[in-house]
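Q: Pasted the sequence and its predicted model underneath.
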Amino acid sequence: MAAGKGRLKQGSAGFTHKVRGYPLQLAVRLVAMSVISISAKSLPLTKADALVIGLARQPDGALVLETGTSELAEARLLETLEDLGATGRTDEVIKIPGTSTRILVVTGLGKFQAKHNYDHETLRRASGAAARELAGVKRAVFSLPSAKIEQLAAVAEGALLGAYAFNTFRKTTAKEHKKPLAEIVLFSEIAGTTIARTAIKRAEILAEAVHLVRDLVNTPPSHLTPASFCAQIKPLATSAGLKVTILDEVALRKGGYGGIVGVGQGSINPPRLLHLSYSPARPKARYAYVGKGITFDSGGLALKPALGMEAMKSDMSGAAAVMAAAIVIAKLKLPIALDVWAPLAENMISDTAQRPSDILTTYGGRTVEVINPDAEGRLVLADALVRAQEFAAKAGGLDGLVDVATLTGHQGLALGARVSAAMGNDDAFRSTVVATGLIAGEDFWPMPLPADLRPSLDSPVADIANMGERFGGMLVAGLFLKEFVSDDLPWVHLDIASPAFNEGKPFGYTPVGGTGVAVRTLVTLAEAACGR
Ligand code: BES
Ligand code: MN
Ligand code: ZN
């Protein structure tokens with residue numbers, strides 16, 4: 001990736017670990033991102049630059065250029081765009097040779113808005129789509145509507161999020177793949193202000209965290225195990241000022257973490273419980289985030305069909321999201337106390353794997369009959385949810401608990417690949433999380449936890465079964481988790497199964513593969529809790 005001056009860079013050849021005696025190179029780059037800066041309108045463009053401007057469409061079909069603060073030298077630009085069949089719709093990016101710059105990149109803003117009144121997500125996506133199309137380019141100037149601080153922040157976030165590639169595992173074909181856009185310059189009327197500088201800094205920290213999640217999700221289970229996940233997070237968390245605690249398989253067995261141990265027992269790569277703790281002075285609130293960390297979900301003895309099983313490398317997306325969010329929150333020094341927990345295991349098939357009908361004892365003592373070893377996420381989460389509440393009790397309890405998980409295929413069936421589900425035991429908190437997602441540019445939709453589905457989880461032999469009624473499977477999973485959360489603690493469960501991993505085409509600032517969904521919502525939620 002682009003080498004930014006003085007920017008964090010750690011080569012992928014950094015360290016190795018051994019699996020079954022074979023040294024494996026850890027693949028995740030702790031990445032050098034694109035460099036970003038802001039500038040006032042007076043700055044002259046150089047011939048080497050690419051210039052990004054917007055194109056919108058009026059109801060009568062007329063096209064409107066949105067050039068931000070730039071004055072363009074191009075004559076007849078609109079006619080040219082019309083001749084090329086431009087429509088201005090979102091995700092349309094047109095590149096043409098420029099006069100004052102080398103190339104002109106025209107990115108769709110959709111419906112025309114008077115007074116440059118484009119909403120932040122439209123700008124984020126337009127900026128991101130342009131950045132994606134600029135792979136291989138050294139420097140691009142983004143001159144999009146960004147007179148308002150939310151707009152400038154959105155353009156910055158979009159550009160940084162769009163400038164992403166995962167080429168760690170390309171060796172002989174590496175040269176055929178372009179590097180992401182190296183340098184981003186934003187033109188804005190408010191370039192000189194402190195709020196603008198703060199917003200750019202935040203966008204950088206946020207995007208770096210989203211890139212980290214994408215890298216972890218894209219890294220296959222041959223190179224990402226529960227132990228190596230911890231090894232990747234630990235130095236990053238420590239340098240951000242977080243306290244890191246890792247329970248290994250021995251400690252988990254001793255400690256009574258039957259859910260994590262049960263799910264992990266079929267794999268040669270033993271499970272972990274990773275915990276990051278952030279405790280600033282005089283916190284305004286205390287939250288805990290818990291993320292599902294299945295480094296690969298084969299389904300265990302309820303083996304998944306081969307078709308599509310490769311996508312199950314993304315089953316640790318929740319864990320990666322909560323870890324990355326904690327790193328951002330610490331870097332931003334938000335006055336909120338936060339503990340994040342990732343139960344990590346590999347759900348494999350072997351003679352030591354758990355069998356349907358096995359009974360395990362989760363942390364805290366509740367027994368679960370494992371009807372379906374493929375409903376493993378709820379088993380590891382049960383342990384972590386109980387532990388998260390117990391841990392916080394010593395500090396006076398939590399103001400909110402959020403879990404993030406690629407929990408059910410039903411999420412995708414219900415809401416598709418771009419909208420995640422939000423469930424919980426407190427309608428107000430759930431609404432807050434959904435509204436926060438909207439601000440952050442991530443779509444969540446509220447889903448119920450209908451009481452009538454709960455008896456389907458009753459077990460004839462244990463306290464509860466890990467599978468119930470098939471219809472409404474996403475809600476049944478949520479109801480299972482609800483059993484492990486105190487009724488009077490506001491709790492939200494986010495099912496990100498499909499949105500975590502883009503199996504389709506890239507769009508806006510979202511690449512193929514790991515998306516990094518939920519990071520921005522979790523960070524924005526923490527900011528809201530401290531009144532920012
Ligand atoms: N990791 C899967 C859910 C999933 C499916 C995530 C598709 C991303 C894309 C989860 O562990 C699982 O297998 N869930 C089962 C639960 C069922 C057995 C009750 C499912 O949804 O089929
Ligand atoms: Mn599963
Ligand atoms: Zn799973």
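A: Nice, thanks for sending it over. Ligands and ions are numbered 1, 2, ... in the order given.
Q: mind listing what the closest residue to Ser314 other than its chain neighbours touches?
A: Nearest residue to Ser314, sequence neighbours excluded (CB to CB, 6 or more residues apart in numbering): Phe501, at 3.8 Å. In this view, the C-beta of every residue, glycine as well, is placed from N, C-alpha and C. By CB atoms under 8 Å, 6 or more residues apart in numbering, the contact set of Phe501 is 217, 311, 314, 317, 406, 513-515.
Q: which of the residues you listed are close to ligand 1?
A: 311, 406 (CB under 6 Å from any ligand atom).
Q: What residues are bridge-paired with Thr245?
A: Under DSSP bridges, the beta-bridge partners of Thr245 are His275.
Q: can I assume it is in contact with Arg272?
A: No - the criterion here is CB atoms under 8 Å, and Thr245 misses it with Arg272 at 10.4 Å.
Q: The two: who's more crowded?
A: Neighbour count, other CB atoms under 10 Å: between Thr245 and Arg272, Arg272 has more, with 28 against 13.
Q: For the protein, give the strand that spans the most residues.
A: strand 337-347 (DSSP state E).
Q: Strand partners (parallel or antiparallel) of that one?
A: Strand 337-347 sits in its sheet next to strand 272-278 (antiparallel), strand 286-291 (parallel), strand 293-297 (parallel), going by DSSP bridges.
Q: Give the rounded mean pLDDT of the longest one.
A: This predicted structure assigns strand 272-278 an average pLDDT of 99.
Q: cool, and the shortest one?
A: Computed over strand 293-297, the mean pLDDT rounds to 99.
Q: Alpha carbons of the helix or strand following that strand, in PDB - could you do that?
A: Under the assignment DSSP states H and E, the closest C-terminal helix or strand after strand 293-297 is helix 317-331. What follows is helix 317-331, C-alpha atoms only, in PDB (Å, rounded to 0.1, in the frame of the first residue of the first chain):
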ATOM      1  CA  SER A 317     -16.200 -10.200  11.700                       C
ATOM      2  CA  GLY A 318     -17.900  -9.200  15.000                       C
ATOM      3  CA  ALA A 319     -14.800  -9.900  17.000                       C
ATOM      4  CA  ALA A 320     -12.700  -7.800  14.600                       C
ATOM      5  CA  ALA A 321     -15.200  -5.000  14.700                       C
ATOM      6  CA  VAL A 322     -15.400  -4.600  18.500                       C
ATOM      7  CA  MET A 323     -11.600  -4.800  18.800                       C
ATOM      8  CA  ALA A 324     -11.100  -2.100  16.100                       C
ATOM      9  CA  ALA A 325     -13.800   0.100  17.600                       C
ATOM     10  CA  ALA A 326     -12.000  -0.100  21.000                       C
ATOM     11  CA  ILE A 327      -8.700   0.900  19.400                       C
ATOM     12  CA  VAL A 328     -10.400   3.900  17.800                       C
ATOM     13  CA  ILE A 329     -12.100   4.900  21.000                       C
ATOM     14  CA  ALA A 330      -8.900   4.800  22.900                       C
ATOM     15  CA  LYS A 331      -7.000   6.700  20.200                       C
END
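Q: Who are the packing partners of helix 317-331?
A: helix 194-218, helix 226-239, strand 272-278, strand 286-291, strand 293-297, strand 337-347, strand 400-405, helix 519-529 (3 or more CB pairs under 8 Å, 6 or more residues apart in numbering; DSSP states H and E).
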